[in-house]
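S.K.: give me a 3D structure for the following:
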Amino acid sequence: MTTFRSLLDKVDERLGDALEHALCAHHERRLRRLGWGEVLEPTGTEDRFGGRAATRHGNRLEVLVDGEEALPAIAAAIRGAKSHVHIANWHASPDFRLTREPDAPTLRDLLASTAQRGVDVRLLLWAGPPVPAFQPTRGLVRAEQRKFTENTAVRCVLDARERTMHCHHEKLVVVDDEVAFVGGVDFTALEGDRHDSREHPPDRPIGWHDLMTRLAGPVVADVAEHFRQRWTEVAGEDLPEPKTPEPAGTTNVQLLRTVPDKTYAFAPEGEFTILDAYLRALRSARRLVYLENQFLWSPEIAEVLIGKLCDPPDEKFRVVLLLPRKPSNGADTTRGQLGRLLDADDGNHRLLATTISSHDGESSAPVYVHAKLGIVDDEWMTIGSANLNEHSLFNDTEVNVATDDRDLIRATRLRLWSEHLRRPAADLDADPTDIVDDLWRPIAEDQAERERRGEPRTHRLVLLPGVSRRAERLQGPLRGLLVDG
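M.R.: Numbering: from 1, shown residues only. Model (predicted):
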């Protein structure tokens, strides 16, 4: 039986290799045909901002961690709007409340009252899948559209220009072209509790770890222009070009996008600056790669990480991953890529794959990692809506921001590590490699061992379960070719 299983593993691995090669070759042909082929080619430099996205200077970027911090900030900005509120989202529910105060208005009522004050409110949502295979269905979205617009001055338009089996996935808010929010938070209770806090209390049906950014300064014009481009094509309403705000800080920010080709007239060849930025940053990594993401499917991303693990640029090089225990889909494909990464690490403990849950005594609940964050060497950071899969990097509409503000990046990492490790940030302000080796790994391994023995967990951090050296690698490439590709 062992010999038969070993043979199956080898066949699975060979087929997985062949399919991943075919998927990568397909992507390469596609990008070269569209004039984006250089994205996949190493430049030999460490210029992380050297891609095709403009770098804006003089911005203020604030990282809002978890819905308890992000959603009230967005609600306050909408309440203070003077000219217009523009929202683009994967899905928004009219009965969703941005705060949990007893008298908090629903999103529908908040937008309606804002429009009643003479503020132009425009809401751009994905129309849903052409067939009702998953939520939100087109019937549900049309019903929600009616609720937003009936007896209100709110404009709500549905965008059905998605590629087959893909969607419009970005999450952004622009208020008066003066402040913008970009990140991963949806305005809906579908699938989980978006109002979660850094404490992730176990009395919630499912915890939800997420990130949003609040932007001020010239980069806001780039966010506003992206919304204007999509709205103009889908709604057929010409909007004025946004004015560039005055400097509001000292932070450099890039707006990064995925816009699939043959979808919009404003980008007929598409835009793939999120993929470009990730590959540039990961290739340049010297000491630390820290990724929080809902998925890790992308073979292009995995290949760069595998190369780094096989030939580390520094003895202290570490890759730390925070992923969901059970993604809404793609669990096996994520594990398949992790199996490849573990093989590349070859027991050297440079790679650590973890997840989180909420554990207080005997009470426990899952925490869904929905954040989309990348940090490299505390010198480059991206936050947005893009997952590390072929959907987000090639085929869905996505918006991220990236920065090289080292103080902000380090502070963000320490805040997140404080949340996950349950230690004061000041206690973690040391060499990241030491924190990974002396805290992250021992805690995660100890909690995994407790689970193995059937004992109650005592900490939220744990090794990602089900990660093995041979982990059904075939499923990832097959999904990539049939759906993502």
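
S.K.: the stretch 151-300 of the chain: strands as residue ranges?
M.R.: With DSSP state E, counting those that start in this stretch as the criterion, the stretch 151-300 of the chain has strands at 155-159, 172-175, 179-183, 207-209, 211-216, 251-259, 271-272, 288-292.

S.K.: which strands or helices does the longest one pack on?
M.R.: Spelled out, it's strand 251-259. strand 55-65, helix 219-235, strand 271-272, helix 273-284, strand 398-403 (3 or more C-beta pairs under 8 Å, 6 or more residues apart in numbering; DSSP states H and E). C-betas here are computed from N, CA, C, even on glycine.

S.K.: compute the mean per-residue pLDDT across that strand, please.
M.R.: For strand 251-259, mean pLDDT is 98.

S.K.: neighbouring strands for that strand, and are they parallel or not?
M.R.: strand 55-65 (antiparallel), strand 271-272 (antiparallel), strand 398-403 (antiparallel) (DSSP bridges).

S.K.: buried set for the helix or strand following the longest one?
M.R.: Scanning forward in sequence from strand 55-65, with DSSP states H and E defining helices and strands, the next element found is helix 67-79. Of the residues in helix 67-79, those scored as buried under the neighbour-count criterion (16 or more other C-beta atoms under 10 Å) are 67-75, 77-78.

S.K.: helix 67-79 to strand 211-216, inter-axis angle?
M.R.: Angle of helix 67-79 versus strand 211-216, following axes from the mean of the first three to the mean of the last three C-alpha atoms, to 10 degrees, is 30 degrees.

S.K.: helices of this structure, start to end?
M.R.: Applying DSSP state H to the chain gives helices spanning 2-34, 67-79, 107-116, 138-149, 219-235, 273-284, 299-310, 331-345, 390, 406-421, 432-435, 441-452, 475-479.

S.K.: buried deepest among the ones you listed, which one?
M.R.: helix 390 (a mean of 27; mean count of other C-beta atoms under 10 Å).

S.K.: same for it, what does it pack against?
M.R.: Using 3+ C-beta pairs under 8 Å, 6+ apart, helix 390 sits against no helix or strand.

S.K.: from now on call the first residue 40
M.R.: In the new count, where the first residue is 40, that last one comes out as helix 429.

S.K.: chain center to it: distance?
M.R.: Remark: helix 429 is offset 13 Å from the chain centroid, using C-alpha atoms, centre = their mean, to the nearest Å.

S.K.: need phi/psi at residue 166.
M.R.: Here is the backbone geometry of residue 166 (degrees, to the nearest 10): phi -80, psi -10.

S.K.: how about JSON lines for the buried residues of helix 106-118, with distance to residue 65 and pLDDT added?
M.R.: Below are the buried residues of helix 106-118 laid out as JSON lines (distance: C-beta to C-beta, whole Å; pLDDT from 0 to 100):
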{"residue": "106", "distance to residue 65": "37", "pLDDT": "95"}
{"residue": "107", "distance to residue 65": "42", "pLDDT": "94"}
{"residue": "108", "distance to residue 65": "40", "pLDDT": "97"}
{"residue": "109", "distance to residue 65": "36", "pLDDT": "98"}
{"residue": "110", "distance to residue 65": "39", "pLDDT": "98"}
{"residue": "111", "distance to residue 65": "44", "pLDDT": "97"}
{"residue": "112", "distance to residue 65": "41", "pLDDT": "98"}
{"residue": "113", "distance to residue 65": "38", "pLDDT": "98"}
{"residue": "114", "distance to residue 65": "43", "pLDDT": "98"}
{"residue": "116", "distance to residue 65": "41", "pLDDT": "98"}
{"residue": "117", "distance to residue 65": "42", "pLDDT": "98"}
